[in-house]
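Q: Turn this into a structure:
(one chain, ligands or ions: 2)
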Amino acid sequence: MPRRADKIVVDPRLCKGCHICISVCPHGVLQASDKMDNRGFHIPVVVDLEACRACRLCELECPDFAISVHTG
Ligand code: SF4
Ligand code: SF4
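A: Ligands and ions are numbered 1, 2, ... in the order given. Below is the predicted model:
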């Protein structure tokens, strides 16, 4: 069984919408939100949790410790 994530959480107070996490994800799990937040940022949203392999690259590369990958 491949590794899976139960949940991926982006902290909207820490995220600055740089989209590094989206770029580094090898499985297209994340995408920029269509909606702009109140600071003008399109924060990442999870579009395909099933595709996540819990590699944690997004977590490691986020400069602001804003994204966390939760496994069971
Ligand atoms: S890398 Fe971090 S700060 Fe940048 S968009 Fe992703 S969660 Fe937000
Ligand atoms: S843990 Fe890996 S596969 Fe899952 S969203 Fe982050 S970079 Fe993508």
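Q: just the helices in the protein please.
A: 20-24, 57-61 (DSSP state H).
Q: The spatially closest residue to residue 41 that is not a sequence neighbour: how many residues sit nearby?
A: Excluding the flanking residues, the one nearest residue 41 by Cβ to Cβ, 6 or more residues apart in numbering is residue 17, at 3.2 Å. Using the backbone N, CA and C atoms, a C-beta is placed for each residue, glycine as well. Residues near residue 17, counting by other Cβ atoms under 10 Å, number 18.
Q: can you check residue 52 too?
A: Neighbours around residue 52, by other Cβ under 10 Å: 24.
Q: try residue 8
A: Residues near residue 8, counting by other Cβ under 10 Å: 21.
Q: State whether it and residue 31 are indeed in contact, as I suppose.
A: No - using Cβ atoms under 8 Å as the test, residue 8 is too far from residue 31 to be in contact (11.9 Å).
Q: if I pick residue 6, what's in contact with it?
A: Residue 6 sits next to 70-72 when contact means Cβ atoms under 8 Å, 6 or more residues apart in numbering.
Q: Also residue 67?
A: Contacts of residue 67 by Cβ under 8 Å, 6+ apart are 8-11, 15, 21, 44, 58-59.
Q: Would you mind listing which of those residues are buried?
A: Neighbour-count burial (16 or more other Cβ atoms under 10 Å) applied to these gives 8, 10, 15, 21, 44, 58-59.
Q: ok, those vs ligand 2, which is closest?
A: Comparing the buried ones among the contacts of residue 67 against ligand 2 with Cβ to the nearest ligand atom places residue 58 closest, at 3.3 Å.
Q: Residue 65 versus residue 44, what's the distance?
A: 14 Å (Cβ to Cβ, to the nearest Å).
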